[in-house]
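Colleague: Just the structure for this:
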Amino acid sequence: MKKIILVLLNICAISVSQASDECTLNLLWGHGGGAKVRKAIKERAIRGENIYQGCGVRNQGDNKYQMNQEGFNGDWMSTLRHNYNGGLVPIMSKEMNKAYYKNNNFGREDYDLMTDFRKSFPDVEKRKVEELAEMLGVHRGYLNDGLLSVGFMRLTHYHWAALVKRADELISQKTCTEVKINFICHSDSENERGGTLDDKIYHRRFSKSKFEHLEDIDKSLIIDAEGSPAIYEEKECVKFDDGTQLKSVPLQCNEGHTLTKEVIQKYRAGACGDFLPWVSTKYKEDTKLLDRIEIFRKENLNDGYSPYGSYPIHPNALNQ
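Modeller: Sure thing, here's the model as predicted:
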């Protein structure tokens, strides 16, 4: 009889563990590629369904809404390229913006067809950023850092929303009654090869995405090729009874939230709900550029304002 009871207890424990894993969703940020992330998952005993965010992780996470990431990730790159930060870095020049739409149906397997676009993109964008830097009275490198940071925070925003959308599915399908979402910085140890990626680095990129590292500038001049603000501003999605908030991006490493049906209803009804339709499975498996650049730009403009950037457009900026 005791053996039967022990077996039943073990079965119950396994069921609870599996349910917990199934109802846990993680955004894993750190060094890539995919093998590096998988090693961190194993070493840290990270459990649940994961989105990978890092250099060259491509589509190797197991969340169907992950953004395919072919290029580098972060704010440290000296150039602007079409595939950095999941392809979400603002395009500043009208020339490359036009070229984008001629090449957005090409993917990794079509790189020979994208040769002119890929080779000319960094130089053309550099010249445009130099013009804007001169207008603002700042060094091009600082402006470049800010634009790369915008791309990084946009990618984080997209992935954080992807966890919410996936949680909504799990709860709607009655697979889970509640879902835990987590932001895990898996490269935060001091002896990390390639450099530590921790709260300090995350907050640096967050701050630069708002161009807080550039004082006394007219931020309304920082717009992309179609007039959409090229600055990132987070939004409050849900405010919990204890005063804590779920924002459009995590505010620190190891941040976690428990989502229920009621919480997701508040999310949908609030400032972040309109973004969820942009979260799609098409960006994971497809290496094509598609409409990635549109996720945070012109369609969201309303009388000179963007829902994902709070600055009014400077009337002279469109003539840059």
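
Colleague: ok so residue 129 is a strand residue?
Modeller: No. Counting by DSSP: H, G, I helix; E, B strand; the rest coil, residue 129 is not part of a strand but helix.

Colleague: any idea how far it lies from residue 141?
Modeller: Residue 129 sits 9 Å away from residue 141, going by CB to CB, to the nearest Å. Quick note: C-beta positions are derived from backbone N, CA and C, even for glycine.

Colleague: who's more crowded, those two?
Modeller: Neighbours per residue (other CB atoms under 10 Å) separate residue 129 from residue 141, with residue 129 holding more: 20 against 11.

Colleague: How about the contacts made by the more buried one?
Modeller: Shown in contact with residue 129 (CB atoms under 8 Å, 6 or more residues apart in numbering): 80, 92, 140, 143-144, 147.

Colleague: what stretches of this protein score poorly on pLDDT?
Modeller: Per-residue confidence for the chain (pLDDT under 70) gives these ranges: 1-19, 298-320.

Colleague: Looking at it, which strand is longest?
Modeller: Ranked by number of residues, the top strand in the chain under DSSP state E is strand 178-185.

Colleague: Next secondary structure after it?
Modeller: For strand 178-185, the following helix or strand on the C-terminal side (DSSP states H and E) is helix 199-209.

Colleague: got the angle for that following helix vs strand 178-185?
Modeller: Computed with axes from the mean of the first three to the mean of the last three CA atoms, to 10 degrees, the direction of helix 199-209 lies at 90 degrees from that of strand 178-185.

Colleague: Show residues contacting helix 199-209.
Modeller: Contact partners of helix 199-209, identified using CB under 8 Å, 6+ apart, comprise 29, 74-75, 145-146, 148-150, 152-153, 185, 188, 213, 231-232, 249, 252-253.

Colleague: Next SSE downstream of it?
Modeller: Under the assignment DSSP H and E, the closest C-terminal helix or strand after helix 199-209 is strand 236-239.

Colleague: Buried residues in that next one, which are they?
Modeller: Residues of strand 236-239 classed as buried: 237-238 (neighbour count, 16 or more other CB atoms under 10 Å).

Colleague: Number the chain from 51, please
Modeller: Got it, the first residue is 51 from now on, which makes the last one we talked about strand 286-289.

Colleague: who does it pair up with?
Modeller: When sheet partners are counted by DSSP bridges, strand 286-289 sits next to strand 295-297 (antiparallel).

Colleague: Flag every buried residue along the strand it pairs with.
Modeller: 296-297.

Colleague: contacts for it?
Modeller: Strand 295-297 has contacts (CB under 8 Å, 6+ apart) with 284-290, 307, 313, 317.

Colleague: related to what we said a few turns ago, now, of the contacts of helix 249-259, which are buried?
Modeller: In these, the ones that pass as buried (16+ other CB under 10 Å) are 79, 124-125, 195-196, 198-200, 202-203, 235, 238, 281-282, 299, 303.

Colleague: so which two of the residues you listed are the farthest from each other?
Modeller: Spanning the widest gap among those are 238 and 281, at 26.8 Å by CB to CB.
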